[in-house]
Each structure stands twice: as C-alpha cells, then as structure tokens.
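**Q** Got a predicted structure here, sequence first:
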There are 4 protein chains.
Amino acid sequence: MTPSDPGATTACEAALVRRYAAVRAATVALAAPLSPEDCALQSMPDASPVRWHLAHTTWFFETFVLREWRPERPPFDPSHEYLFNSYYNGIGAQFPRPRRGMISRPGLEEVLRYREQVDADLAELLEGGALEGPRGEELAARVELGLQHEQQHQELVLTDLKHAFSENPLHPVYRPLERGAAGPAPAPTSFEPFEGGEAWIGAREGSGFHFDNEGPRHRVHLEAFELARRPVTCGEYLAFVEDDGYRRPELWLSDGWDAAREHGWQAPLYWSHQDDRWWQYTLGGLRPVDPAEPVTHVSYYEADAFARWADARLPGEAEWEHAASERPVEGHFARPGGEHPFPLHGEAHGLERLFGDVWEWTASDYAPYPRYRPAEGAIGEYNGKFMCNQRVLRGGSCATPEGHARATYRNFFYPHMRWQFSGIRLARWLR
Amino acid sequence: MTPSDPGATTACEAALVRRYAAVRAATVALAAPLSPEDCALQSMPDASPVRWHLAHTTWFFETFVLREWRPERPPFDPSHEYLFNSYYNGIGAQFPRPRRGMISRPGLEEVLRYREQVDADLAELLEGGALEGPRGEELAARVELGLQHEQQHQELVLTDLKHAFSENPLHPVYRPLERGAAGPAPAPTSFEPFEGGEAWIGAREGSGFHFDNEGPRHRVHLEAFELARRPVTCGEYLAFVEDDGYRRPELWLSDGWDAAREHGWQAPLYWSHQDDRWWQYTLGGLRPVDPAEPVTHVSYYEADAFARWADARLPGEAEWEHAASERPVEGHFARPGGEHPFPLHGEAHGLERLFGDVWEWTASDYAPYPRYRPAEGAIGEYNGKFMCNQRVLRGGSCATPEGHARATYRNFFYPHMRWQFSGIRLARWLR
Amino acid sequence: MTPSDPGATTACEAALVRRYAAVRAATVALAAPLSPEDCALQSMPDASPVRWHLAHTTWFFETFVLREWRPERPPFDPSHEYLFNSYYNGIGAQFPRPRRGMISRPGLEEVLRYREQVDADLAELLEGGALEGPRGEELAARVELGLQHEQQHQELVLTDLKHAFSENPLHPVYRPLERGAAGPAPAPTSFEPFEGGEAWIGAREGSGFHFDNEGPRHRVHLEAFELARRPVTCGEYLAFVEDDGYRRPELWLSDGWDAAREHGWQAPLYWSHQDDRWWQYTLGGLRPVDPAEPVTHVSYYEADAFARWADARLPGEAEWEHAASERPVEGHFARPGGEHPFPLHGEAHGLERLFGDVWEWTASDYAPYPRYRPAEGAIGEYNGKFMCNQRVLRGGSCATPEGHARATYRNFFYPHMRWQFSGIRLARWLR
Amino acid sequence: MTPSDPGATTACEAALVRRYAAVRAATVALAAPLSPEDCALQSMPDASPVRWHLAHTTWFFETFVLREWRPERPPFDPSHEYLFNSYYNGIGAQFPRPRRGMISRPGLEEVLRYREQVDADLAELLEGGALEGPRGEELAARVELGLQHEQQHQELVLTDLKHAFSENPLHPVYRPLERGAAGPAPAPTSFEPFEGGEAWIGAREGSGFHFDNEGPRHRVHLEAFELARRPVTCGEYLAFVEDDGYRRPELWLSDGWDAAREHGWQAPLYWSHQDDRWWQYTLGGLRPVDPAEPVTHVSYYEADAFARWADARLPGEAEWEHAASERPVEGHFARPGGEHPFPLHGEAHGLERLFGDVWEWTASDYAPYPRYRPAEGAIGEYNGKFMCNQRVLRGGSCATPEGHARATYRNFFYPHMRWQFSGIRLARWLR
C-alpha cells in the first residue's frame, strides 16, 4: 500500500495531513443536519448509531496508529477500547453490537471532543517527523487505511441513518435532495459483448491503495459474455413486481423465496404502495418511485429473481472487473443533496453508471483470491474473516465518497440485506 | 371521583390549576439532569424513553380533556394521536411499543414545546369557567385522573431510565443520592398479629380520588394472620442467596424456577458480584449492597421463593390493606436525591415502611373486585383490561411521588418483572 | 386421604387391588386403537406422546410406591428414572419435556412390558400384607394417589392425541363417536340465583380422596350472584364469532388480545371454515360444528371475551363450588365413543351439565387455599409449585374418567391453552 | 443423461428393471432393523423420518414417471402429492417440512404397501415396451434420475436416523459395526503436488449419468497447489481441540465463530467427553474416539478453522476434481455394518480415501457452472434453486451407496451443518 518515494516525503506528508483533515471533517459534516437523538438511533443489529460511527472511526486511529506509534500516550478514555471496538478480537472484548443504541453516554458532544483530541494527536504525530522515521511508510499506509476505513463508515452513516429514519412514520428529511436533470425516458438496455479466455483480475501490488481483499492479482478463465449497458431501472423492476414476480417461486432461489416470505417482501426496501401508487422513502423524505432511476435497496435474492425473470443472470465479479478495468472511475458518488441514484435518460452509450449510483450485486461468493493472506495481528481481522456466506458487490454508490471506489474494489453483504444502495446490472452468456 | 362542593368552586378551581402546574412541572424537572440522548433510550419493550413519557402524558390531557371539552381546538400535531397513544384501542392504532426508542423525531425540544402548548390550553380551559359548567365536575375528575396518570409515569420515568442506564458499562449517575442517617443494624423482624373474620376492603365512594380498580368497596373473609413489621433487608436476602436460594428448585414456583434459569438470575436485578463483594447499580451510580436497606428489584418469583425459604409467605392484598387501612400514609417517597430505599435501623415498632421505599409484592392475582365495571369508552381501558396474569403490589416506593399512594392503591406487574422498586414483606398464618 | 377402618382392611385391600387393576387396564385400553407410531407423537411441548403417558404413570407407581415400600427391589430399568420423571426435581433430573417425542426407544412393546412388571410387583405388594402393616394407610393413600394421577393422564392421553392427530391433514379417526340423541334445539339459557354471604369451600378432611390442592376447607365471602343453567353452546359462540368477536379489542383482556393476534385465532381450536361452513376436528374425525353442543377447546381469554360480549362474566371458583356442592356428580364422562361433548336440548331445568362434557373456566387464579401446605418430599411437587399464572377449571369433561371428578376438584391450565375440553358457563352479579 | 444405443434396448431394459428392483429393495433393507417408531422420528427440520424417505422416493417415481407416462393411472392416494412432495413448487403445495415427524398416518405398513404398488406399476411400465417407445430414452433417463435420487435418500436415511438416535440418552444401536483391520497408526500426512494452468472440470455430455449440476464441462484456471494424501484424522482433530481450537477466534471465520458460540460447539457432532475420555456416538452405539479414523461430522466452519490452525486451507472443488478425475472411484461406501469411516494406517501412498469414508468439504460456494440451465418444469427444481449459501463437498462417504459417487459429483450443504459424514482434506498453495 502507498509506498512513498523518500525524496518526496515532505510534500507527501503535507498531502497526507491535508487529506486526513478533509476526510475526518467530511464525517462530521455528515452529522451536521442531525440532532443528538438522530445520532443515537440503532434500528437493527446490522446498523449502528451515527454517534457510534463517529466514535469508532476515531477509535480506529487511536488504536491502530496512536497506540502503536505513540505507546506512551494515555488513551483519551480507557472505556473506549471496549465501547468502540467493532469486531477486533485481537484487541479485546467488544460491547455487544446489537446494543449500541442502548447507551446514551458518552453523548454526541463528548464524542466530538474525542474526535478533536485524536485529530490533534494525529496531526502532531504526522507533522512531527514520524513519517520520515524508520516505520514512516508503514505509518503512512496505516493512516491511509484508517482514512479508507473512515470513508466506508461515511457510507454506512448514510445507509444506517436511512434505515433508522424509515422507521419513523413521519418520514424525516435528512436533507432536501436534487432530482437530476429532465430527459427522455431510458431506452431498453442493450448489452456490451466480451470475448472469453484468460483474464487477470485483482489489484496490482504497488498500484496505489487497495484493501487486502482486492489482491493478489491473478488469472481467471472467462467464458464469452455480455453485460447490460446500464443498471436495471425502477420502471423495469416495477414490471417484474406487476408480473407477480414476488409470487412465483420458480423465479427464486430457494433461500430467497424463504426470505421473501419470512419478511413479507413485496417490493424493494423503502417502497410502499398507497393510493394506487408506489412511493419510496429517501433521505429527502417520501416521494413517488421514479421509473427512470436505477432500482436500489434490493437484496441479492431479488436481484437474482429479477434476472431470471428477465432471462438473464447476474455477472460474476471477474466479468464485472474485466469490463470495468479499462474505464474511468466516474459517476454519481456521495455529495450533499446527491444521496440517491439519479435517473437514466435515453439510449446508453457504452457501459453507463458502472461506478456510483448503486452497488451492483454480482453472482460471486465473497471468497479469498488465490494465495490471499490477511495481515498479521488484529488488523488482519479487517476483511479476511468475513469471507463466507456473502456476495460481492461492485462499483460504489451515491453514498460512496468520491475517490473511494475503483475497479478492483470488493464490497460484500449477505444476500438478504437490502439497506445498502444495492442495485442490479444484468449479464448473459454469449453464444 | 372528587365531587366538589358547588359553593367552593373558585377555590377548588384555583387549587386544581395550581396542582396541575405543579404536577406537570415535576415531570419536566425529572428530565432536567438528562441529555436528549438519555431521554431517547428504550432498553426493553416494557420500558419507554423518557421523552415518550413526556409526550404521552401530554397526549393524555390533549385526548381525554382538550378533545372532549374543546373539540374545536386543532390538535398540536395530528401525528401525536398515533405516536403517543399507549394502549387505547378506542382512540385508534398505536405506534408499536417495542419500537418507541426507534424514532428520534419529534425530538426533546419539540416535545417540550408540545407540553407547553397543552399546558397553556389546559390552563385556559380550567380558568375559563369550564369547571363551573354543566360538566364541570366531570372535567375536574378527568383532570385529576390525568394528574394521577402523570404521577404514575413519573415513577416509570425513574424506573425505565434506571433500566436503560444499567445497560451502560460506565454506570451513569442520574444524580448523587443521599445515603440515609447512620444507625444500628436492623434487628430480626417481629410480626404484628391480626385476627381473622370479615373485613371491608376497597376504596369508599366519595372518599377522594382513587382509580376505578380500587373499588367497589366490599367484604372479604380473612383468616387470622401476622405481618412482618418491616420489609426484608438486603442482608436477609443475601443469606438466601448464600444458602443456594437460586439453586434449590424446591423453594420456587415452577414458573419462577423456569424464569430464573432462562434469565440466569443469581441475585436481584442490578446486583453484581465483583472482587468478592456484592454491588448494586443505583440511580446514583454503582455502590456496595447495604445489608440494612430493604431489598428491591426482585421479581414476584424471587419474593415468593425467599418467603418459602424463610418459612413464611407473601401477604394477600386484602391482608395488607386491612393492616394498612388505619395507618398514616407516610414514608420515603420520591424526592431529588432520594430515589433509592433507605436503610432500616434497630427494632421495628409497629408496621414500619408500609408506605414508600419499596412496593411490596402480594400473593394476590390482579383481579376485578366484585361488581367492578370499567368506565365506558376508551378511558375504560385504563385498568380493566390488564386484570389477568399480574400480581398486586402495595404501598408505593421511593420513586412514587409524595401524595400519590394510599392504603387502597393497587399497583400490578407480571410476576417475572424486576425493574420496579419492588420488595418483600413477609406474612404468616396464625395458629 | 382415605383413612381406612382397621376392621375392614381385607375387603378394602381386595377393593384396592381390583381398583388398581381396573384403572391401569383402562389406560392400556385407551391405546388399543393406536399404532406404535400414533403412540409416539408429540405435537407440542405441552403435550406428551401416549407411550410416554403409559410409561410415566407406571414410573409414578414404581417411584412413589415400590421404591418406598420395596426399597430392595431393583428398578425395572434404571434409565426410566430419568426418562419418565415428569417434573419431580426432588427425584432427580428429567429428560427435557419438549423432546419426549424425539426418542423411539424404549418402544411401545417395551413400555407395555414395563407396565406389566410394575403391575405384578404392585399386586404382590398389595396382596402381601403391606396394607395391614404399620404404614398401611399411607400405602393405600399413596396407591390411590397414583390411581387418581393415572386418571388425570387418561384425560391427557385423549387431549394430547387429539392435538397431535389434528396436525394430520388426513383427519385421522381415533374411533367413531356417538352423536347423542336428537331433540329440540337448546333454549336461551336461564340463570340460577344464589344469595351472598359466608360460604365454606374446599374438601373436608376425611371425606374421601381429594388432592391436596382442594383443601383446607375454609370460609369465603360471596356476593349474591347467578349462574347460567347450562354451558355456552357452539351456536351461541358462533354468534360471537360472526359479531366480529375476534376483531373487537374492547371485548378482550389485553393479554388475550395479544394472544389471539399472535396465534391468529379466529374460532375455537379445531374449528375450520370451509365451503361456507364451520367444521371441527374431533376424535371421530372431521364433522360439521353442531350448534347445540357445548362449545369446547376455547382458551380462558376467549371464554372471558365471550362473557363480556354476552354482558356477563365467568364465575369464581368459590361460586361454582358453592353452587355444585349439593348436586350429584353426574354427567357425560369419558367412555369409548363418547369422547366429545353431547348436544343440549330444550330448556335447562336447574344447573345442567355442571359435571362432564366440558371443563368450565373460572375467573379464579389457581392459588393455594389458606393454610395450604404441600406434602414433604418430592410428592409435594405434585400440585403446589404450579400455583401461579394459571386459571382454575371445574366440573370435568367428556375425557375425564367416570368417578374422577367432584365438586371440590380443581383443574388448572394457563389462560392461553385450548387443547383441553374447556368450555364456558356464564355468571352474573345479582342486584 | 444416459442416451442409450437403440440396438441394445432389450438388454438395457432388463438391466434397468433389475437395477430398479435392486435400488428400491436397498432402501427397504435399510429400514429392516428399525421399529415403526424408529422410522417416525424427526429430530430437526433439516432431517426427515425414515418413513417419510420411504414414501417420498416412491412419490418421486409416481410423480415424475408414472404420472407422465401413465397419465390415466389414478394415484395410489391423492393425499400423497401433498404429504410427500419435498420442495417441488411446480407440483404444488407441500406439507411443512419441520412437521414431517408430526404425522403418524399413513404408517409404516401403509407406506410399504405404497412402495409395492408403485414398484409393480413401474415394472409393468418398463417391461411393457415403453422404453422402446418414442420417449423411451427420456423414460430411461427419468427412471435413472429417480434411482440416483433414491440413493441420495438412502444416505439421508442413515444420517437422519443417526441424528435422531443421538437424542436418545440410551444410545440406540442401529446395527453392530465393523471396526476395520488393525494396523500401524497413520503417519503424518504428505501432500501431492499439482501444476497450475488451465483445466477442464465438470461432467462430459454423454459420459454416463450425472446430475445437471455437474455440467456443463468447462475450463478453469488453477494455480499450482498440493493436496493432502489422506483426510484429517480424529487424532489430528483432537490436537486442534486440545490446542484450544474452539476458543481462539483468530482461527475462525466470523460466521463460524458465531455459530460455534451459539451452538456451544466444543468438538465434532456426536463427540462427548466423559471420564477424561472422548466418546462418539455411532450407528453402532457409543464408542471411544479412534484417533486413526478420519474425523467426521464437522461443519465447514470447523473444517476451515482446523485448516487455518494447520497452516493449510481447504481445497477448491475444481482442484479436488482435477486431482480426482483420473483416479478410480473406489473406497469405503455404504454396506451393512460399514456405516462409519474406517481407520487409516501407516503412510499414505498417493491420494488415499478420496472416495468414500467421509465427504470432503471444499472451499467452493455451490454455484452454477457457466451456461448451466436447469431443466424445464418441476424437475428443474432438483438442484438449481439451491445454488446459494451452500458449500460443495466431494467424494462420497461411508453412507453413500456403492456406485453412486464419481469425480464430478457435487454434494452441497450449508456451512453450519454437521450431521452428514463430512470430513476434511487439506490443501496448500504451491510456491
């Protein structure tokens, strides 16, 4: 990860300090429209309160940077090691995740003070020459990991909050959302063909930051396939709903059918039917479903059932990455007022919306790449231990911070989960 | 309830207005030491957030007073009918009780504004002559019911908050608590004898406010019995614990044994064993168990098992009321810094601590008295529909507002519940 | 219990031996129409397989009679102490009740052999002079307790089997049932009045066998009341159903309403609506609901809601016993082909069907009578430890063995339970 | 599947008829040592009663063969379509799987009659010329599918029964088991190396029977790897247990750690620790754990944790198949008295025990091969809809019928499941 050229240290150092400040400030900015009570909500075990995210990301820097590079520094508060450790057994026991919403203290103000103190200590460390020291490169890499980690939590702040707000019958507005420019309705999707054969996927060593789960780079064999030029729209998904998609078991995986019945799924999460019309709850409040928008908040099971209904399938992650690897990482990423996918217009030219808008479910099990080994120590728990039972999603979403996504990026969730901005891109075998 | 002498109307009116203001202010004062996040906690379905209590008690006046006596007044916010209705099906559907902690809006500030508005409207109603109108007595009675209702919720504010705070490993302090004067250790309890025969229990019509469940007054037959002169202490309860009380099924009701094993009970709620010592969490934080204090936060099952171990039994509610009916309603009721039972000292002279300190579990099923009929309409749901599966508790506690308890007062909870200030007074058959 | 006149010992002995054989044979006869697989069914934790009942009742004699009076006799199989102990902690650990259906061995044949061996050993004991020995009276009483216990399990054999068979979509027939003589439709019920005042209830010492929970005899104060002259019919209950009885919360106890919604109750257990008609599953198979029959398989909650709908209430157990105490114990008790309540006809003359047909829910909590003390030792677990959370039922049913019921008999079940032959008799206050 | 040479039809026909009779008889033979009650046990929702297996496999032939080729034949019993349909939504609704043990009728005798009738009808169909008819090849393929299906259920009969018997504290003996020849203790395993590169996996069209999930044959890219020459033994697994394998979260997948704690796993299923020794329940009763046996009844999570502890990994299914594809399908498959893995001895020469003894967990998600399409109609539900959340196992076990396994065979179970004869073979990356 980010090995730095020794000659450029000072500029690098300044850049890292600036980047640190910017990323950290962005998290706090996300909480600005929220009351202390908003920041305290935990609506399900999978989600966490915003205040917890603010604290946990800070704990990450305190634990994995300050504690290692400034072992003599006393912790801001010794209880944080227990309260704000997410899942690092190597660090110690953790306050039970499903009860994170059950504690009101330390409150929001105290957590913001915690952030300020750790930020000050980090700045002092980074500006104090440690980056030029013997473990300077490691320090830079660790800080970068902390920032990438923080960006992942920025996305969770939005999705966890959305889930919590959706419980409130008043449909709270996080902030008013833009609606995207007007334009012609999206045309039926076309497909981009790809030849089969051997392909390389995974992040190249030394090519800039990537998580450990993106490597090692390795060969795979691909069969010829084609990929839809744009994600599935709400309008298309509605046709599936209206064609009894949720009542036809032959369209579903067995586990998906069971999940749909157990949870009473009739449509994507946050959709509701009222007065003969479909509505969706968004971070900007309740609004009608726009058929031109990419559909989102669907589970893997729904994505898979839709694909079967559409006589297609979901892409494998290798196919997706192969298709994306030469394309620029551009799209609708998170920005204030842009926390919802934007409508599509007209004909797609080339692969549209690969990045941003909605994460795209792939058919791939989240598994280690050949010769993958997690790092030694507690930091090795970051990714590796989750490589079972989850599905890979690709491309980033409207809640992913700008600059965070890339072609090799592997997001992963359980197939029944719907509270991320997850959507669908179809694929088909060729020939 | 409270029929008023027509000649005294104005004084009564002024008194009611003052009493209204005082009771309402007391609820807000309970929340003063709390942050908005503290007020948002719901730690179990049986408990509610403090903010919800603040809103619900206000909704009660808006619904059962303003809506009836000022039907033209628009509601403060139409959503409150759904959000803050506790269990009155006659009014309409209710936001699910276990999810009360899941909504952050309306927030604390908004709820306090709601209180102010309803209080202003009530004052205007009461001072505007409505009390002298044709339904004046009914109005006075309804307002009094609302105030008694509010006082019940004042107790719940404390017990619900205590339960929520107890989840926090930091042991938050609600406020510092007094410890009571020093004194000699309590002597072993003696028992006060009572002759058997016919007795009258229940509230007399026209004898001042009482809830409908306290009447009608009626005859019962009592066998000769004796009642412990003081509640069971922590020291006595500790002896039960140390005599393997929680590991001897022969001491327990079958349902109690199952509950104790299911929940892993080893001691009263909020007790913990650390460094060879018993601690208890209180609203003043963690402190050692004081053997001289009345034991509290025990379930009916534990109270019953303790009594069996002590070769005694729990009193019936008629016995308790018969014994209490001629005694003054004095004791340690709720006041700032007094939200915990106070230690006992030396020998008991007569029946001590009947009122205040801890609610005393009785062996009586919470059942309607002969010829009991709930009121017509939604207000009739106040008490009657809960008359099944619960046990009666008597006497009030250190969290009960001064002036709220009386000899005929019937509190009731399910036998497994422990988060109220519930304690034990023993009884025995005579002869 | 049953103290015997020393002069009559030999006749008594012979009578007891005969009675023992008859009662024991009756249990086996109940299983005669069943296959080994039928006898293995356990459809819910509250119910047990028929084979288990056959074994457990035998274990009861082996444990509480043979082990005490013939301590030198080796157990038939040492594993039975664990496998067939129901809930006697004083004897030892028990195989988990909800898993009784999970073991296929010892099989039916082996269990019948167990019965034969214990019966032979009992006969030898009883005929060998032990009844005349120093603990002879105690032995006779213990054997009688075992027989009464066996008769209770005979009723459970039928109700547990009915529940299990009802799971089978083929509606198995246990045996063809009689339908009762034809006759005029039952007239609307009239009520029998009773004066208030002091009354004695409970079994008299020395008055013949009774369970310990039926005493001590004691005084109660009754208010004037009246009791319906016959149980509620299916036709009456149907009117409640059709008057939206299951959809009107104001008719229900709060816990009852929750139970009804949780379990989706729409009618009594075993009723189903098909082709515009109500059917009920009986031990004789599926047949139309007969409006003239006493309604059965209702929970306490349903009985209570029906009573409220009918502007009446359920009787207290003291009222019921007071009314029943002077009446002969006659009615439709269990006999082959009679395992279902029989239709009512015309006008009721006096209190009809107090005994037999259906158990009648009372409003009384199952609680100890004044000065009640369970026996010492494991046998004391028979009744006392269940005195919480249950409601008393009175009168016996069409599944109760002839000779088993009496006016003081207290049956008890949890208020949500429906698989017993439980029905409804209404009461009202007088004046 | 199995297209047959038209010239050989008559011999083929006779062979198929013989094979049909043999496979069907083998199922009945498995039930021979069992009582009707044994055959009725269902100990968990994942397992089914033996009697149900006997009926369901018969229903399969009745539904997918007789109903299609003899549509005029009335069903043996119309209720069987509902009772014995496992999961084919295309056929209709199914009796709920978790309640299969709740029905006692049709009983074992009736089910055996059902088998006889269907077998007679099948024989008549097959011998009556239908195999030479226009859909003769399809019929032969369908019958073969039914037989392979029956063999899968033969394995389940043993594993489901073992699970049910294990609930019985008496440790029932299904039948006495052989113990395998004596021999030297197994030497530490060595590894067989394989070069990386492109490989073909999956069943070749026309190469004999295979399930649809085994194809299409396709290319994969393999990295160089090595495969343990024998499965992991109980002795090796014991070393993991004793090295605190079940208490070290760093060895486990996150989901595995949660599962282990939730279920309280301390050792493989059926192991118990008593008197300082490890015992295992087998179909031959309780016996000491033999360190030389392949370990079995471990979940995927345990297999994965063991591999991490051993500094190795589990093979991918493509690696396994690549290694197995040139080797003879020989090993300890099911036979009377052989229903348990056999001990290993000395040094392994080449890949030992690839087939038989224990199924080997692979690291591979159970996913469709490229271009896989399930068959049209209800029969297409056989495999495809289960391709999510499960892991592939390879090689067959001591409960797999002889002749049923092959190199391309893909078995699949959820990663937490332990009641199959599942074991571990290690793999490592080369270089």
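**A** Okay, I see it. On a predicted model such as this, the values are computed, not experimentally measured, just so you know.
**Q** Strands of the stretch 301-431 of chain A, residue ranges please.
**A** A:331-332, A:355-356, A:359-365, A:391-394, A:411-413, A:422-423, A:427-429 (DSSP state E, counting those that start in this stretch).
**Q** What of the stretch 101-250 of chain A?
**A** Under DSSP E, counting those that start in this stretch, the stretch 101-250 of chain A gives strands at A:191-194, A:197-201, A:218-222, A:225-228.
**Q** List the buried residues of stretch A:241-260.
**A** Buried residues in stretch A:241-260, defined by neighbour count with 16 or more other CB atoms under 10 Å in any protein chain shown: A:241, A:245-246, A:249-257, A:259-260. The C-beta positions use only the backbone N, C-alpha and C, and glycine is treated the same way.
**Q** Turn the residues you listed into JSON lines, including pLDDT and distance to chain B.
**A** What follows is the buried residues of stretch A:241-260, written out as JSON lines (pLDDT from 0 to 100; distance: CB to the nearest CB, whole Å):
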{"residue": "A:V241", "pLDDT": "98", "distance to chain B": "26"}
{"residue": "A:G245", "pLDDT": "98", "distance to chain B": "29"}
{"residue": "A:Y246", "pLDDT": "98", "distance to chain B": "24"}
{"residue": "A:P249", "pLDDT": "96", "distance to chain B": "30"}
{"residue": "A:E250", "pLDDT": "96", "distance to chain B": "35"}
{"residue": "A:L251", "pLDDT": "97", "distance to chain B": "32"}
{"residue": "A:W252", "pLDDT": "97", "distance to chain B": "29"}
{"residue": "A:L253", "pLDDT": "98", "distance to chain B": "30"}
{"residue": "A:S254", "pLDDT": "97", "distance to chain B": "31"}
{"residue": "A:D255", "pLDDT": "98", "distance to chain B": "27"}
{"residue": "A:G256", "pLDDT": "98", "distance to chain B": "27"}
{"residue": "A:W257", "pLDDT": "98", "distance to chain B": "27"}
{"residue": "A:A259", "pLDDT": "98", "distance to chain B": "22"}
{"residue": "A:A260", "pLDDT": "98", "distance to chain B": "22"}
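**Q** so how far is A:Y246 from the residue in the stretch 251-400 of chain A that chain C sits nearest to?
**A** As assessed by CB to the nearest CB, chain C sits closest to A:G264 within the stretch 251-400 of chain A, at 14.8 Å. Plainly put, A:G264 is 10 Å away from A:Y246 if you go by CB to CB, to the nearest Å.
**Q** likewise A:R217?
**A** Separation of A:R217 from A:Y246 (CB to CB) stands at 40 Å.
**Q** what do you get for A:W429?
**A** Distance of A:W429 to A:Y246, computed by CB to CB: 26 Å.
**Q** Check what pLDDT whichever residue of the stretch 1-150 of chain A sits closest to chain D gets.
**A** With CB to the nearest CB, the shortest gap between the stretch 1-150 of chain A and chain D falls at A:N89, namely 4.1 Å. Here, the pLDDT recorded for A:N89 equals 93.
**Q** swap in A:H332?
**A** A:H332 is assigned 97 on the pLDDT scale.
**Q** how near is the closest residue to it other than its chain neighbours to A:G338?
**A** Excluding its sequence neighbours, the residue lying closest to A:H332 (CB to CB, 6 or more residues apart in numbering or on different chains) is A:G356, at 4.1 Å. As judged by CB to CB, A:G356 and A:G338 stand 9 Å apart.
**Q** can you check A:G285 too?
**A** On the measure of CB to CB, A:G285 and A:G338 end up 15 Å apart.
**Q** And for A:Y281?
**A** A:Y281 is 17 Å from A:G338, by CB to CB.
**Q** out of the two, which sits in the busier spot?
**A** Comparing A:Y281 with A:G338 by other CB atoms under 10 Å in any protein chain shown, the one with more neighbours is A:Y281, at 21 against 18.
**Q** Does anything pack onto the helix or strand containing the more buried one? Which helices or strands?
**A** Using DSSP states H and E, A:Y281 sits within strand A:277-282. Contact partners of strand A:277-282 among helices and strands, from 3 or more CB pairs under 8 Å, 6 or more residues apart in numbering or on different chains; DSSP states H and E: helix A:136-166, strand A:271-274, strand A:285-288.
**Q** Just checking: what are the partner strands of that strand?
**A** Strand pairing for strand A:277-282, determined by DSSP bridges: strand A:271-274 (antiparallel), strand A:285-288 (antiparallel).
**Q** Indicate which one of these is closest to C:F191.
**A** strand A:271-274 (51.0 Å; CB to CB).
**Q** List the buried residues for the closest one?
**A** A:W271.
**Q** Contacts for that strand, please.
**A** By CB atoms under 8 Å, 6 or more residues apart in numbering or on different chains, the list of residues contacting strand A:271-274 from outside reads A:266-267, A:278-281, A:289, A:297.
**Q** so which of those is the most crowded?
**A** Top of the contacts of strand A:271-274 by neighbour count (other CB under 10 Å): A:H297, with 26 neighbours.
**Q** How is the nearest residue to that residue once chain neighbours are set aside assigned, secondary-structure-wise?
**A** Among residues not flanking A:H297 along the chain, A:L269 sits closest, at 4.0 Å (CB to CB, 6+ apart). Judged by DSSP: H, G, I helix; E, B strand; the rest coil, the three-state class of A:L269 is coil.
**Q** quick one: contacts for A:L269?
**A** A:166, A:297-298, A:418-419.
**Q** okay, those in JSON lines with distance to A:A348 and pLDDT next?
**A** As requested, those are arranged in JSON lines below (distance: CB to CB, whole Å; pLDDT from 0 to 100):
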{"residue": "A:S166", "distance to A:A348": "31", "pLDDT": "98"}
{"residue": "A:H297", "distance to A:A348": "22", "pLDDT": "98"}
{"residue": "A:V298", "distance to A:A348": "20", "pLDDT": "98"}
{"residue": "A:R418", "distance to A:A348": "25", "pLDDT": "98"}
{"residue": "A:W419", "distance to A:A348": "27", "pLDDT": "98"}
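**Q** In helices, which of the residues you listed fall?
**A** Among the contacts of A:L269, DSSP state H puts A:S166 in helices.
**Q** any chance of the buried residues of stretch A:241-260 in TSV, plus distance to A:L112?
**A** As requested, the buried residues of stretch A:241-260 are exported to TSV (distance: CB to CB, whole Å):
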residue	distance to A:L112
A:V241	43
A:G245	46
A:Y246	44
A:P249	50
A:E250	53
A:L251	48
A:W252	46
A:L253	45
A:S254	48
A:D255	42
A:G256	42
A:W257	46
A:A259	39
A:A260	41
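**Q** picking up where we left off before, please enumerate the shared neighbours of A:G356 and A:G338.
**A** With CB under 8 Å, 6+ apart as the test, A:G356 and A:G338 both reach A:332, A:398.
**Q** circling back: which of the buried residues of stretch A:241-260 sits closest to D:L112?
**A** Among the buried residues of stretch A:241-260, and counting by CB to CB, the member closest to D:L112 is A:S254, at 30.5 Å.
**Q** which non-adjacent residue is nearest that closest one?
**A** Nearest-residue entry for A:S254: D:K385, 4.4 Å, with adjacent residues in sequence omitted and distances by CB to CB, 6+ apart.
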